[in-house]
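>>> build me a model:
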Amino acid sequence: MSVIGVGTWQFGGEWGKDFQQAEVDAILAKAAELGVNLIDTAECYGDHLAEELVGRAIQGTREKWVLATKFGHRFNGVFQRDNVFEPAQVQEQLERSLKALRTDYIDLYQFHSGTDAMFETPGLWEMLRDLVKAGTIRHLGISVSKKNASLRQVNRAAEVGAETIQTVYNRIERDAEKEILPSCLRQNLGALARVPLASGFLSGKYTSQSQFSSTDVRAVWQSDQERRFLAEQAEQAKREVPEGVPMAQWALAWCLQHPAVSCVIPGCKNVEQVQSNAQAACLPGVAADHPLAVA
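Now for the predicted structure:
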């Protein structure tokens, strides 16, 4: 898979913008043109809405993509989720995801930000491993919650059959360096760095005075204090950015230089952002070890 992916939470309508199909078509067409082949989506980015937009956009080219989605949360209105980790519920979610994505298999199916108790749901991982044997799922992964990031889940990845860990990791939010990423290295797990631009603050576009609309997750799930902290830390990080290098590209390349990180999955709202993100793989210090497309 490519070391730069396309995150799709924004397609679900919770990042201050509603996307039309033509916009998603253009974004993913440009990504493919640039060698990006990883799409990371989820069942609760809208009520399978992001998956539907992605599915229509890649119809006819499905085999060229590494398609990652998630399970465990049912969309129940904007910024509202129900937890659904019982095996029968997950099976139903998978069937809806397959239909929305217009595919008969998922490349990477990820446990989505659940607690340890949810992780231990009886029969869950046995059912998922059976689906891997059947070919409906090719690989299993664990997406750990920012608030409930559990080293127990990470350390049990190989035991339950998971091969990847998705975690928040960026120049500002570095908690994953303490235990999660070292555990990935020990277990030979792929690590997907999400929120690599720190909710956009490492793009250089926002300051502590920036305001977000009531339909933007940053206004709903982040406190004023959290936003100020990110803005202040991003301002300090600007001093590390080489002259002439866009800050967002630098921030993505910064993540990729950690030996555990397999790829970064930034969101994007237009074709220009896709192009900028892809170019991060060509920055000095990244290209030698992380060509844009790697096996």
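>>> in stretch 208-216, what counts as buried?
Buried residues in stretch 208-216, defined by neighbour count with 16 or more other CB atoms under 10 Å: 212, 216. For glycine as for every other residue, the C-beta is placed from the backbone atoms N, C-alpha and C.
>>> now the helix or strand hosting Gln166: buried residues?
Applying DSSP states H and E as the criterion places Gln166 in strand 162-168. Residues 162-168 are the ones in strand 162-168 that count as buried (16+ other CB under 10 Å).
>>> just flag the most distant two among these.
Glu163 and Val168 (19.4 Å; CB to CB).
>>> give me the sheet partners of the strand holding Gln166 and which way each runs.
With DSSP bridges as the test, strand 162-168 is paired with strand 137-143 (parallel), strand 190-194 (parallel).
>>> run the chain-centre distance for that strand.
Offset of strand 162-168 from its chain centre (CA atoms, centre = their mean, to the nearest Å): 10 Å.
>>> just stretch 34-46 next, same as before
On the basis of CA atoms, centre = their mean, stretch 34-46 sits 7 Å off its chain's mean C-alpha point.
>>> same thing with stretch 232-246?
The answer for stretch 232-246 is 23 Å, by CA atoms, centre = their mean.
>>> between the two ends of it, what distance do you get?
With CA to CA, to the nearest Å as the measure, stretch 232-246 spans 18 Å from end to end.
>>> make residue 1 into 43 and carry on from there
Let's use 43 as the start, then, which means that last one is stretch 274-288.
>>> one step back: please save the CA atoms from the very next helix or strand once past the strand holding Gln208 in PDB.
Sequence-wise, the next helix or strand downstream of strand 204-210 (DSSP H and E) is helix 222-229. Extracted C-alpha coordinates of helix 222-229, given in PDB (Å, rounded to 0.1, in the frame of the first residue of the first chain):
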ATOM      1  CA  ILE A 222       2.100   1.700  21.200                       C
ATOM      2  CA  LEU A 223       4.600   2.200  18.400                       C
ATOM      3  CA  PRO A 224       7.300   0.200  20.200                       C
ATOM      4  CA  SER A 225       4.800  -2.600  20.600                       C
ATOM      5  CA  CYS A 226       4.100  -2.400  16.800                       C
ATOM      6  CA  LEU A 227       7.800  -2.900  16.100                       C
ATOM      7  CA  ARG A 228       8.100  -5.800  18.500                       C
ATOM      8  CA  GLN A 229       5.100  -7.600  16.900                       C
END
